[in-house]
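Colleague: need coordinates for the following:
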Amino acid sequence: MSRTLTILFRRDPSRDRQSEAIQFEGYRPCWPDGRPVAVGLDAFCKHGQRLLGLGKRLAGCQEKLIRMLCFPLAGRGDEIHRIPGHRVRRFYIERRGTTGRVHFMDGTPTTITFEAGRDEPRVVRWIGLSDLDDGEQLWFDLAAMEVDAPVSYVTRSSRLVPCEV
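Modeller: Numbers count the residues shown, from 1 in each chain. Modelled structure (predicted):
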C-alpha cells in the first residue's frame, strides 16, 4: 500500500548551494493551495531533481505540482514497484532520536532529513518516520509524477508562455 503526498515545488535560487562537489538546486515546498510546508527540505541534487521532474524538466516554469508516492517495504530485498512511464527509486530512512535521514539504496546518506516535532506531522507520517523507534530503518520505494493542473503562464523574454505547473 502506498502513501501519497502532493507538494508544489517552487524554484528558489536563494536556496541554491554547493556541498563539496555536489550542486544543489533550491526549492520552496508548498501545499497545493500555496501555503508553505514546514519541512527542512529545501534543495535537491541532480538525482532528486530527476526523480521529482524538477531542474531542467521545469522547462522555464518556476513551479511544479508533484504527487509523490511512498511504498513502505518489508525490507531491501522486496521486489521494486514499477509504474510505467515514471521513475521509481529505492531508499531507506533511519531514525536517530527525533531525526530521520534518507539514504540511497547503497547506504550513502542523502542530505534529506525529517524531524518529528519540527516538520509537518503529515510529512513525518508520509515518510514513515513516526512509525520508527530510535535506530530503526524503513525501506521504501519512491515515485513522483506531475499532477494534472490547469495551465498557467510564465514570462519568458517579455512574452507569456503557457506551461503546466
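Colleague: can I assume I80 sits in a strand?
Modeller: No - applying DSSP: H, G, I helix; E, B strand; the rest coil, one finds I80 to be coil, outside a strand.
Colleague: contacts only, for it.
Modeller: By CB atoms under 8 Å, 6 or more residues apart in numbering, the contact set of I80 is V88, R90, D141. C-beta: built from backbone N, CA, C; applies to glycine.
Colleague: check R76 too.
Modeller: R90, Y92, M105, W139.
Colleague: cool, and C45?
Modeller: I22, Q23, F24, T110, T111.
Colleague: pLDDT at the first one, what is it?
Modeller: By that I understand I22. Looking at I22, its pLDDT is 91.
Colleague: now the nearest residue to it once chain neighbours are set aside: how far from T111?
Modeller: The spatially closest residue to I22, leaving aside those adjacent along the chain, is C45, at 5.3 Å (CB to CB, 6 or more residues apart in numbering). To T111, C45 is 8 Å away according to CB to CB, to the nearest Å.
Colleague: list the residues that contact both of those two?
Modeller: Contacts common to C45 and T111, judged by CB under 8 Å, 6+ apart, are F24.
Colleague: in the protein, what residue spans correspond to helices?
Modeller: If DSSP state H is used as the criterion, the helices of the chain fall at 46-52, 121-127.
Colleague: in contact with the most centrally placed residue in the chain, which residues?
Modeller: In the chain, the centroid-proximal residue (CA atoms, centre = their mean) is L52; its distance is 6.3 Å. L52 makes contacts with F9, F44, K64, I66, M68, A144, as judged by CB under 8 Å, 6+ apart.
Colleague: for P36, same thing?
Modeller: With contact set as CB under 8 Å, 6+ apart, P36 has these partners: R28, P29, C30.
Colleague: which one of those is nearest V37?
Modeller: Checking the contacts of P36 against V37 with CB to CB, the nearest one is P29 at 4.3 Å.
Colleague: pretty sure W126 sits against S2.
Modeller: No - with contact defined as CB atoms under 8 Å, W126 does not reach S2; the gap is 10.0 Å.
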